[in-house]
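Asks: Predicted coordinates and the sequence they were generated for:
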2 protein chains.
Amino acid sequence: MNLLLLSNSSSDAGYLVHALPAIRELIAALPPGAPAVFVPFAGVTRNWDDYTALVVSALADTGLDIQGLHRAEDPVAALEGAAVIIVGGGNTFNLLGQLRRQGLLGVVARRVRQGAAYLGWSAGSNLSCPTICTTNDMPITDPQGFDALGLLPFQINPHYTNAHPPGHRGETRAQRLAEFCTLNPAMPVLGLPEGSGLRVSGGEMTLIGPHEAPLFLGQQEPRVFRPGPVEVQA
Amino acid sequence: MNLLLLSNSSSDAGYLVHALPAIRELIAALPPGAPAVFVPFAGVTRNWDDYTALVVSALADTGLDIQGLHRAEDPVAALEGAAVIIVGGGNTFNLLGQLRRQGLLGVVARRVRQGAAYLGWSAGSNLSCPTICTTNDMPITDPQGFDALGLLPFQINPHYTNAHPPGHRGETRAQRLAEFCTLNPAMPVLGLPEGSGLRVSGGEMTLIGPHEAPLFLGQQEPRVFRPGPVEVQA
């Protein structure tokens, strides 16, 4: 498979700017004008046309021909014809629920397994996992099941940090992930900090970006990866 | 109904200490030694016996006779006999999933509607709402539906704050609640800050604690309640 899974979209440099080198590498084998589909369904407070326009603009220099999936007359055909499937961030529950209700979840998974490149950030990275059980998002809608694309054999926690505001008495991120690992002791979770991404190319995985990333598994001490090769025994 | 819904359990003063005056008021009509059931199912990384012991100790001066629901030979009978149902915090998804799987969700709701006092904090406050859609917790397990006790006609967001760590590029709390209000424009959400609680006594509602609390509804500017009477048109 050919995946680029980003923690986040925006930085001080602008929308997706920090990820452009990795995005270019993801699609390096594709001809100019290759067809891409953008899945805007994680957007809740942003209009899907506006969201698509934002992404089209941010990726203009890549030469991809990007269509919003919500505007496709035949969404299945659009996905079947796409060389790249791009899944944006927002609310993971809305993203998964929309894809499931529209019967598109399996189509996306199959296309990526067949060779379409997959670019996701935030909710789009959660979606690539076995389940959405390690999202940070609020469960504003019931997606009728937490199973997701299952492109990876482990979980990602995007926007990973264990910082929290002063006076916070709720769970910290470390506590939330410890809860997940208690209920799911055999399922690894990679914490992707802001600015980081996971590149999957065939059987190789690489941590990209400036930061280290912890891998949680059960009650073990987290294994910390530096940018570079990543190996996860799932 | 007779409810006390707290944002959080712990403060610098100790476990539940900040809430003891309100808890005494909640149970003021009960005789000494009144039977109470503690529901520890939101606990994931903490052992349910330990969790129950913590709560028994914190509430020792109230005179309640508190039993952990997980230790009841007949959980339905325990709930039927309880004058007070206490639901602790932790993970809301685990709490709801356990109650649903054990067939106890409806029993709790019925008992509280019949007059049992209800004391909840954090996940226990989320549980009292129509759904758990405004929890901050990680969806570490699928509760097989987001519908909850429905004791209130609106939602609570516990640990309410819009502060976030420096460098955070994920959604803020305000953005998350705006997403909920976009998908659910007719459902109010009360943001309960740390240290606050909502007291429901018959048809009267009171915001307790030192802080103001915003009520979100659709795209309207939030209505901000000061400690004192609360009116919510749901």
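Replies: All right, it came through fine.
Asks: how about the strands in chain A?
Replies: A:2-6, A:10-11, A:14-15, A:35-39, A:65-68, A:84-87, A:117-121, A:155-160, A:189-193, A:197-201, A:204-208, A:213-216, A:223-225, A:228-229 (DSSP state E).
Asks: what lines up beside the fifth one in the sheet?
Replies: Put plainly, it is strand A:65-68. When pairing is defined by DSSP bridges, strand A:65-68 lines up against strand A:35-39 (parallel).
Asks: Report the angle between the strand it pairs with and strand A:117-121.
Replies: 30 degrees (axes from the mean of the first three to the mean of the last three CA atoms, to 10 degrees).
Asks: Pull the residues that contact strand A:35-39.
Replies: Under the criterion CB atoms under 8 Å, 6 or more residues apart in numbering or on different chains, residues A:51-52, A:55-56, A:59, A:64-69, A:72, A:78-79, A:81-88, A:95, A:99, A:108, A:124 lie in contact with strand A:35-39. For the C-beta atoms, the positions are set from N, CA and C on the backbone; glycine is no exception.
Asks: thinking again about what came up before, now the weakest link among the strands of chain A, please, by mean pLDDT.
Replies: Note on the strands of chain A: lowest mean pLDDT is at strand A:10-11, with a mean of 84.
Asks: any idea how far the closest residue to A:Gly103 other than its chain neighbours lies from A:Gln102?
Replies: Closest residue to A:Gly103 apart from its sequence neighbours, by CB to CB, 6 or more residues apart in numbering or on different chains: A:Val76 at 7.9 Å. As for A:Val76, its distance to A:Gln102 is 9 Å (criterion: CB to CB, to the nearest Å).
Asks: now A:Met205
Replies: Noted for A:Met205: a distance of 30 Å to A:Gln102, by CB to CB.
Asks: just A:Glu212 next, same as before
Replies: Distance of A:Glu212 to A:Gln102, computed by CB to CB: 38 Å.
Asks: show me where chain A has helices.
Replies: Listed from the start of the chain, chain A has helices (DSSP state H) covering A:20-26, A:48-58, A:75-81, A:92-101, A:105-114, A:123-127, A:173-183.
Asks: which of the ones you listed sits most buried?
Replies: With neighbours defined as mean count of other CB atoms under 10 Å in any protein chain shown, the helices of chain A peak in mean count at helix A:123-127, which reaches a mean of 29.
Asks: So it, near chain B or not?
Replies: No - remark: helix A:123-127 sits outside contact range of chain B, by CB under 8 Å from any CB of the partner chain, the gap being at least 9.8 Å.
Asks: What are the contacting residues of that helix?
Replies: For helix A:123-127, the surrounding residues in contact (CB under 8 Å, 6+ apart) are A:5-7, A:39, A:42, A:86-92, A:95-96, A:99, A:120, A:132, A:134-135, A:137, A:148-149, A:156, A:158, A:192, A:198.
Asks: among those residues, which ones are buried?
Replies: By neighbour count, with 16 or more other CB atoms under 10 Å in any protein chain shown, those hold A:5-7, A:39, A:42, A:86-92, A:95-96, A:99, A:120, A:132, A:134-135, A:137, A:148-149, A:156, A:158, A:192, A:198 as buried.
Asks: Can you give me the neighbour number for the closest residue to A:Pro185 other than its chain neighbours?
Replies: Leaving aside its sequence neighbours, A:Pro185 sits nearest to A:Gly218 (CB to CB, 6+ apart; 4.0 Å). Summarising burial for A:Gly218: neighbours were counted as other CB atoms under 10 Å in any protein chain shown, giving 12.
Asks: is it true that A:Gly218 touches A:Leu183?
Replies: No - with contact defined as CB atoms under 8 Å, A:Gly218 does not count as touching A:Leu183 (10.5 Å).
Asks: Give the residues shared as contacts by the two.
Replies: Common neighbours of A:Gly218 and A:Leu183 (CB under 8 Å, 6+ apart) do not exist.
Asks: Would you check that A:Val87 makes contact with A:Leu119?
Replies: Yes - using CB under 8 Å, A:Val87 is in contact with A:Leu119, at 7.3 Å.
Asks: Name every strand pairing with the helix or strand bottoming out on mean pLDDT in chain A and say which way it goes.
Replies: Within chain A, no helix or strand scores below strand A:10-11, which has a mean of 84 by mean pLDDT, DSSP states H and E. If you go by DSSP bridges, strand A:10-11 pairs up with strand A:14-15 (antiparallel).
Asks: Could you check how far the partner strand is from the centre of its chain?
Replies: Distance, stretch centre to chain centre, for strand A:14-15: 17 Å (CA atoms, centre = their mean, to the nearest Å).
Asks: For the residue nearest to A:Gly103, give me its contacts.
Replies: A:Val76 touches A:103-104, A:107, counting by CB under 8 Å, 6+ apart.
Asks: and with 10 Å instead?
Replies: Shown in contact with A:Val76 (CB atoms under 10 Å, 6 or more residues apart in numbering or on different chains): A:102-104, A:107, A:111.
Asks: Looking at those, which two lie furthest apart in space?
Replies: Largest separation among those by CB to CB: A:Gln102 and A:Arg111, giving 14.6 Å.
Asks: Which of the contacts of A:Val76 sits closest to chain B?
Replies: Here the nearest of those to chain B, counting by CB to the nearest CB, is A:Gln102; it sits at 16.3 Å.
Asks: right, and that closest one touches A:Leu95 too?
Replies: No - between A:Gln102 and A:Leu95 there is no contact under CB atoms under 10 Å: 11.2 Å.
Asks: quick one: common contacting residues for those two?
Replies: Shared contacts of A:Gln102 and A:Leu95, defined by CB under 10 Å, 6+ apart, comprise A:Phe41.
Asks: What distance do you get for A:Glu190 to chain B?
Replies: Just to correct that, residue A:190 is Leu rather than Glu. Shown here: A:Leu190 relative to chain B, a distance of 15 Å by CB to the nearest CB, to the nearest Å.
Asks: Now do the contacts for that residue.
Replies: For A:Leu190, the contact set (CB under 10 Å, 6+ apart) comprises A:5, A:125, A:129, A:134, A:152, A:154-158, A:160, A:196, A:198, A:205, A:207, A:213-216, A:222-223, A:225, A:230, A:232.
Asks: likewise A:Pro185?
Replies: Applying CB under 10 Å, 6+ apart to A:Pro185 gives the contacts A:217-220.
Asks: Identify the farthest-apart pair in those residues.
Replies: By the measure CB to CB, A:Leu217 and A:Gln219 form the most distant pair in these, at 8.4 Å.
Asks: pLDDT weak spots in chain A?
Replies: Applying pLDDT under 70 to chain A picks out residues A:168-169, A:234.
Asks: Counting neighbours, go ahead and name the busier of A:Met205 and A:Gln102.
Replies: Shown here are A:Met205 and A:Gln102; by other CB under 10 Å, A:Met205 has more neighbours (19 against 14).
Asks: hang on, that one packs against A:Leu3?
Replies: Yes - contact criterion CB under 10 Å: A:Met205 and A:Leu3 qualify, at 9.0 Å.
Asks: coming back round to it: overlap in contacts, A:Val87 and A:Leu119.
Replies: Residues touching both A:Val87 and A:Leu119 (CB under 10 Å, 6+ apart) are A:5, A:38, A:125.
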